[in-house]
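Asks: output the structure for:
(4 chains)
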There are 4 protein chains.
Amino acid sequence: MLHGDLFANSREEVNTMQLALEERKTKQLPHGLMWANVFRASGKFGLEEKVIPRAGVGEAVIQVRLTTICGTDIHIVRGEYPVREGLTLGHEAVGVIHELGAGMTGYRVGQRVLVGAITPCGQCEACLAGDRSQCGGALGGWRLGNTMDGVQAEYALIPYAQANLAAIPESLSDAQVLLLADIASTGFAAAERGKIRLGDSVAVFAQGPIGLCATLGARLMGASEIIAVDSDPNRLKMAQRFGATTVVLSEGDALAEIREVTEGRGVDVAIEALGIQETFERALRALRPGGTLSSVGVYSGHLQVPLDAIGAGLADHTIVTTLCPGGKERMSRLIRLVRTHRIDLTPLFTHVHPLEEIDQAYKRFAARADGVLKVAIRIS
Amino acid sequence: MLHGDLFANSREEVNTMQLALEERKTKQLPHGLMWANVFRASGKFGLEEKVIPRAGVGEAVIQVRLTTICGTDIHIVRGEYPVREGLTLGHEAVGVIHELGAGMTGYRVGQRVLVGAITPCGQCEACLAGDRSQCGGALGGWRLGNTMDGVQAEYALIPYAQANLAAIPESLSDAQVLLLADIASTGFAAAERGKIRLGDSVAVFAQGPIGLCATLGARLMGASEIIAVDSDPNRLKMAQRFGATTVVLSEGDALAEIREVTEGRGVDVAIEALGIQETFERALRALRPGGTLSSVGVYSGHLQVPLDAIGAGLADHTIVTTLCPGGKERMSRLIRLVRTHRIDLTPLFTHVHPLEEIDQAYKRFAARADGVLKVAIRIS
Amino acid sequence: MLHGDLFANSREEVNTMQLALEERKTKQLPHGLMWANVFRASGKFGLEEKVIPRAGVGEAVIQVRLTTICGTDIHIVRGEYPVREGLTLGHEAVGVIHELGAGMTGYRVGQRVLVGAITPCGQCEACLAGDRSQCGGALGGWRLGNTMDGVQAEYALIPYAQANLAAIPESLSDAQVLLLADIASTGFAAAERGKIRLGDSVAVFAQGPIGLCATLGARLMGASEIIAVDSDPNRLKMAQRFGATTVVLSEGDALAEIREVTEGRGVDVAIEALGIQETFERALRALRPGGTLSSVGVYSGHLQVPLDAIGAGLADHTIVTTLCPGGKERMSRLIRLVRTHRIDLTPLFTHVHPLEEIDQAYKRFAARADGVLKVAIRIS
Amino acid sequence: MLHGDLFANSREEVNTMQLALEERKTKQLPHGLMWANVFRASGKFGLEEKVIPRAGVGEAVIQVRLTTICGTDIHIVRGEYPVREGLTLGHEAVGVIHELGAGMTGYRVGQRVLVGAITPCGQCEACLAGDRSQCGGALGGWRLGNTMDGVQAEYALIPYAQANLAAIPESLSDAQVLLLADIASTGFAAAERGKIRLGDSVAVFAQGPIGLCATLGARLMGASEIIAVDSDPNRLKMAQRFGATTVVLSEGDALAEIREVTEGRGVDVAIEALGIQETFERALRALRPGGTLSSVGVYSGHLQVPLDAIGAGLADHTIVTTLCPGGKERMSRLIRLVRTHRIDLTPLFTHVHPLEEIDQAYKRFAARADGVLKVAIRIS
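Replies: Residues are numbered from 1 along each chain as shown, chains lettered A, B, ... in the order given. Presented below is the predicted three-dimensional model:
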């Protein structure tokens, strides 16, 4: 067993971990077994041997080629978001189909596919009503690495696979499409749910990977002024590359800057991409009357809505929160944006690690060290 | 001058007030003067003589026939919502056109018209963007009885009159259409902004006049279950008359009742029609994942959004706040609903007073005395 | 074998038919066999013995309790809409679950369910994009009685059953919900796709069962004037019962009447519910500039759009065509409207026949004889 | 008087015309007079002296700096679109405010402004309902150069000026914003009314100035595949510059090409930007089931909708027609897209003429000679 040392693993655990690491590097597991990155307890996770899953009715097993680490994974290993012990982590994957369960049609073993972070069934009342991310109940569409084993493993079981395997054109690399699984789908959804219209002014608060994709989404949807706000100059540089027309380093002046850029009007749409009270509130204050706050941050505390920021409830505001949209139609649609060169997300991959170094990858990503934005995990 | 005695007018003031009352009852004012109900200071208001306004470019003067008192008027006279001293109160009026300013076309003096609470100009950027209630700036569409003299007077100046005078069909009485000016337009907007779809389940929190109209709006838009919540059994009876399919008296059980009625799903749309944290929070908790909270309450304190009620920001919720829509197209559209017998708002008028008794009308309405819902003020 | 005698069956065929009829009435079929109403050739159809289907992966078999005949079925037996010979007809059914295939969850044998005319898979790109009626390709969501055996039979195989079985509350009868499967879902969709808003003026051309449901849909969505047009006075009477505020018998004057009712404006939404050039064109001419023509008619010839009726392409019109929406969420949503007494479709059932009299039922329905609107076929 | 010689002016007329031309070039008109390009009769138009208009209530007079010729102007001078004789042509203008009528606020004489082709009043029922292009009646928003004197003149009267003068930032030239007045607003509206979503496939039929702007609009709204179809290789080159990802020269293969590019699906949105049956029909056939045809062409004959192209009315299609959106909010919104470098329309200006050469400009533009796309007319 191989623990990540994100926090305090004991000496013994670290030794075991390094042993497992060597093992993964040097030896082939027995037939039917695989390596998987498993949550053990708050602060503890690492590679373990698991049985390769088998595909049941309507399911598929994929051999994972490339995956990545999400901010939510960090929350999980820190014990801030509860999942069961022993769960394989990860919810973004490019893989090839290893096995197809009964009832699957239109796919073949060996086919390369993208699987979204959200895997809706397509057949429950929520899905049929269009609320696929809330499949079967609140947040229910997020299964991989949350309520069932995830994809930071050599193989992964994909539920409702008929609705969730998106074919990848040969011309595109794994790295070109992997980030569509979650952060691009989420960031773009921030723009879409904000209903950005041609010529709208938009402010995006926080320029982590999702915020950067929200900035790109605002650009894709035809915003005019796109004001990106972050405390990290490097991220603001990337924001400009992703379409920001104005970047604001010091958050203290963000609202004044937004007022100036919009000639006092405020923005039509403000996007919150961090998940804290401060940015939520600023986003709200940045809005014009009648504007929309589109929130994709994951919050960890109650939110306060200041009375004056909403005109006592009379300023015709809209606040929307959004969980990543999934399903193969969503994935295919985003893949088309890559194929037609409308978007290129590869600059977000600042680092690559093989699966056996996943603990280092977590460490780097969690610490925001070395200018990291996203870390690709190469598995096969 | 005639003060309302909502709070503590001095003996002298009360005497003066009664004198004015007699005057209004018995004597004709000199030519060019009129009686108007004027805000004096926190807790003080009453009838005063004012000069009959003259219509400038694009304006009209109407002779008011019927007006009413709004919850906002109560906030104003209590000093809770700031307006300038000397302002004539009131923002809902049926009247006849007394004078038409330069540039007005398609109207004639003597024509009976309905004027909405919100009088958008139609020509500023906000109006042209469809945000007419935010005309010229936050809450800017609300002028009458707020930023300019209102309609609790014998005559009233209507700004941007070309956009704001709705002709009333002869077959309809003043009382049949007056409440379209504000509470019906607002209550229906709660349903419309909630984007209620055929068969949706809807909960409406608070069944004051606006909440009742929201209940009616939900019915008009094709909701299936319509759950009305209030602490007053009489209001719940009226809610049933206005379309509620379930009424919940004890608010303590409202969420359980909603869960039961919706078989555990929660409602698709929850409407907040009171303006306090408790109902806002309940409305949020009543929602299914992906549902919409439509708020038309006027709040007087910061709002808190509990983390769990929004699934940490991941439950795809929408929160919209709405100020009453105005303009003559809105008024005409709602008048058509009366004319075709789709709606009858007259049951909301529980009391009628002549203008000279407006202080009593305020008193009764503010105290929610005598089962009052709305008080009609007959002027001419 | 039992032929319908809609057109010219030979004497011999009629004899055989009557024999089969007796058989169905008097004898139990061998285990594993059932009666089904089968399309034989243009003008020929009738009851035949078939093997009771078995449920495969994700499928269910229902024992049909109540079904009905649709205008499309008439097109089929007349040879106007091509289906393969030997196909069981019918696409509207209330039944009880007889068998559940692998992968089905949340249902039990014996449960009473409503199945929509359209049975989307929920998992293809079209379904995931929200175009469920176009599941897997143009018109692909319509399978029952079109591309696979239908439900005018003692048992029927339901594809993608996880997405298509809607539980029926005990309090509701079969007849109360059956028409939700197609005509109400279609008629309401005409109103929904027309995006009728509160207070809109609406005209509905043709008041057959679907047109009547469109009229009801317009009422449910809050239209003010609802102008129903048909050549049959009885249908116009029903239209009034279903919500029409104006009925126009002579189609020759329909446009003049619409202009008068709308004071020259034209309607906001016009619904075509017949499928011929004449009504399509009238619907278009009935519109105000910027209005929407919502078409649910099934056409049998090319349509012409007169230049003047669309202002040379500059009048901001919208034309939408709609195939019945399906899926269990749609069915459940409509069932809620019945349960809350918002709608009652049973007046449309003017006649009932047992399965063995289905030929008479077709005959009556095809001839519009005896004031027929819809014929219920009772099976078990 | 100066006639254009688009068709057959008599020798005498041509002589007169050349005289006027000289006059305009060499002499100053008496105070209060101006030159205007006037429609005389079918095939005849030219510069005439007119009285400089005066601004009435709510109006403004602008001194025109830059205008252009629209395809509609060609229709008018050819007698294909009826306007009254003596009307000044033209509906796209950058000018400076020369006079402000009573009731105008927030503007100053000398201010540079953009005026849209459509000048809605903002205050009629159509405008207040959001149908501003249909202001006051069908096509009613189009006044300039249609129902009142246009802007191909030294001065022009702007109706409802409060709603129709958009300030131009100093940093932008006249030529950078002029085309927002009509063709960009129309072309973008084609994309907007088509409700293009991120990743949609779009085909644009015809790549004249409006079609090119529709192509650009599709790109601005986040389409993936953008397939531009035209018979002119030069226009297809420009289409690529404006965002087309695939260009199809031979219209004969357009549908096959579209099927290939979309892997058999068809496009989500097809835009018709020419106004003839052939492109309309192709656009319809290019659609996937459930797709939208967005039409901005001006048609001159009845349109036919082939039965098979709409699946007999069951393929869930939407067809929208659109007249150019106007009003200052629209203009300001589009100006922001120029200011933020999202769009650059100046490549469309292939030629510039002074007002005195407007006949040559018309001739060149009408003949599509010299690779002309748009001709700028410089006036002051």
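Asks: what does the stretch 251-380 of chain A have sitting close to chain D?
Replies: Neighbours of chain D within the stretch 251-380 of chain A, by C-beta under 8 Å from any C-beta of the partner chain: A:R333, A:L334, A:R336, A:L337, A:R339, A:T340, A:H341, A:R342. The way it works is simple: take the backbone N, C-alpha and C, and place the C-beta from them, glycine included.
Asks: which residue packs closest to the fifth one, ignoring adjacent ones?
Replies: Once its chain neighbours are removed from consideration, A:R339 has its nearest residue in A:P169; the separation is 5.8 Å (C-beta to C-beta, 6 or more residues apart in numbering or on different chains).
Asks: going by distance to D:G297, which of the residues of the stretch 251-380 of chain A next to chain D wins?
Replies: For those, the residue nearest D:G297 by C-beta to C-beta is A:T340; the value is 25.8 Å.
Asks: surely that closest one meets D:G243?
Replies: No. Using C-beta atoms under 8 Å, A:T340 is not in contact with D:G243; the gap is 10.1 Å.
Asks: so who does A:P306 touch?
Replies: With contact taken as C-beta atoms under 8 Å, 6 or more residues apart in numbering or on different chains, A:P306 is in contact with A:E281, A:L284, A:R285, B:H302.
Asks: please, where are all the helices along chain A?
Replies: Applying DSSP state H to chain A gives helices spanning A:11-26, A:71-77, A:125-128, A:174-177, A:183-193, A:209-220, A:233-241, A:254-261, A:277-286, A:328-339, A:358-367.
Asks: the residue found closest to A:Q111 once you drop the neighbours it is linked to in the chain and chain D, how far apart?
Replies: Leaving aside its chain neighbours, A:Q111 sits nearest to A:I97 (4.8 Å; criterion: C-beta to C-beta, 6+ apart). Using C-beta to the nearest C-beta, to the nearest Å, A:I97 is found at 19 Å from chain D.
Asks: just A:T72 next, same as before
Replies: 23 Å.
Asks: check what pLDDT that residue gets.
Replies: Looking at A:T72, its pLDDT stands at 95.
Asks: that one against A:S300, yeah?
Replies: No. Shown here, A:T72 and A:S300 do not form a contact pair, counting by C-beta under 8 Å, at 11.7 Å.
Asks: quick one, which of the two is more surrounded?
Replies: A:T72 (22 against 14; other C-beta atoms under 10 Å in any protein chain shown).
Asks: now do the strands in the stretch 101-250 of chain A.
Replies: A:112-115, A:155-158, A:166-167, A:202-205, A:226-229, A:246-248 (DSSP state E, counting those that start in this stretch).
Asks: dump those to JSON lines, plus mean neighbour count.
Replies: Listed next are those as JSON lines, based on neighbours: other C-beta atoms under 10 Å in any protein chain shown:
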{"stretch": "strand A:112-115", "mean neighbour count": "24"}
{"stretch": "strand A:155-158", "mean neighbour count": "27"}
{"stretch": "strand A:166-167", "mean neighbour count": "20"}
{"stretch": "strand A:202-205", "mean neighbour count": "33"}
{"stretch": "strand A:226-229", "mean neighbour count": "30"}
{"stretch": "strand A:246-248", "mean neighbour count": "21"}
